[in-house]
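Peer 1: model this:
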Amino acid sequence: MQINEIFFSLQGEGQNVGLPTIFVRTTGCNLRCRYCDTTYAYHEGDEMTPADVVAAIQQWRCPRICITGGEPLQQEDLPELVDVLLAHGYAVEVETNGSRDIEWLTSLDISVSMDAKCPSSGMDHAMHLDNLALLRPRDQLKFVIGSREDYDYARDVLERYAPECRVVMQPVWKSDIALADWIVRDEIDVRFSMQLHKILWGDRKGT
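Peer 2: Below you'll find the model as predicted:
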């Protein structure tokens with residue numbers, strides 16, 4: 001499988017924000033979101049086996065793994081990697097962009113973090129919204145919000161599909177939208193999230 005980077009940091013987003021986490025970032029993505037902050041993962045990477053990945057992460061004493069991208073579901077060896085990590089006792093979260101079927105992921109003892117791309121991403125047409133019915137209470141659904149249109153779109157998705165998972169809304173980095181005010185005013189039951197790693201260390205790799 002193609003691995004872009006492996007690093008140890010704090011989880012910067014979503015339901016596990018602030019927790020020390022080992023990140024395994026895969027190479028390649030089938031989407032091209034306008035605000036993407038990991039474009040370097042589109043093509044850069046090294047071939048590694050699941051055993052290579054496990055050997056690399058064992059330098060850190062951390063029980064949590066986040067497999068991210070790029071889009072991890074493009075990697076043919078992802079099922080093997082997840083199985084190996086679970087066999088080693090790691091708590092595994094897989095982040096996915098919402099464009100591919102996640103049914104096999106939600107059958108495993110892992111957490112799934114799925115995006116639902118909003119209009120400002122330019123990729124909302126690519127969403128596989130049938131996935132929303134598969135998300136479990138342990139999983140999370142994330143909306144990156146860059147405009148009022150995005151917020152209204154996200155609210156409509158939540159009303160139509162009523163997913164059972166936790167829901168996160170996060171403003172596009174450095175945008176000046178009033179997302180927190182909208183959430184409070186409308187009393188919607190979502191978690192407001194900022195990108196903690198960027199607040200702490202800026203917009204750079206390996207954090």
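Peer 1: and the helix or strand L86 falls within, how far from the chain's centre?
Peer 2: Using DSSP states H and E, L86 sits within helix 78-87. Remark: helix 78-87 is offset 18 Å from the chain centroid, using Cα atoms, centre = their mean, to the nearest Å.
Peer 1: quick one: buried residues of the following helix or strand past that helix?
Peer 2: Toward the C-terminus, helix 78-87 is succeeded by strand 91-96 as the next helix or strand (DSSP H and E). Under the neighbour-count criterion of 16 or more other Cβ atoms under 10 Å, strand 91-96 has A91, V92, E93, V94, E95, T96 buried. To be clear about C-beta, it is placed using only N, CA and C from the backbone, and glycine gets the same treatment.
Peer 1: what's the answer for stretch 97-117, then?
Peer 2: Counting neighbours by 16+ other Cβ under 10 Å, one finds that the buried residues in stretch 97-117 are 97-100, 102, 105-106, 110-117.
Peer 1: where along the chain do the strands fall?
Peer 2: Assignment of strands within the chain using DSSP state E yields the ranges 2-10, 20-26, 46-47, 64-68, 91-96, 111-115, 140-145, 166-171, 191-192.
Peer 1: any idea how far Q15 is from the residue nearest the centre of the chain?
Peer 2: For the chain, the residue nearest the mean C-alpha position is E95 (3.5 Å; Cα atoms, centre = their mean). For E95, the distance to Q15 (Cβ to Cβ, to the nearest Å) stands at 12 Å.
Peer 1: Sweet, I'm off.
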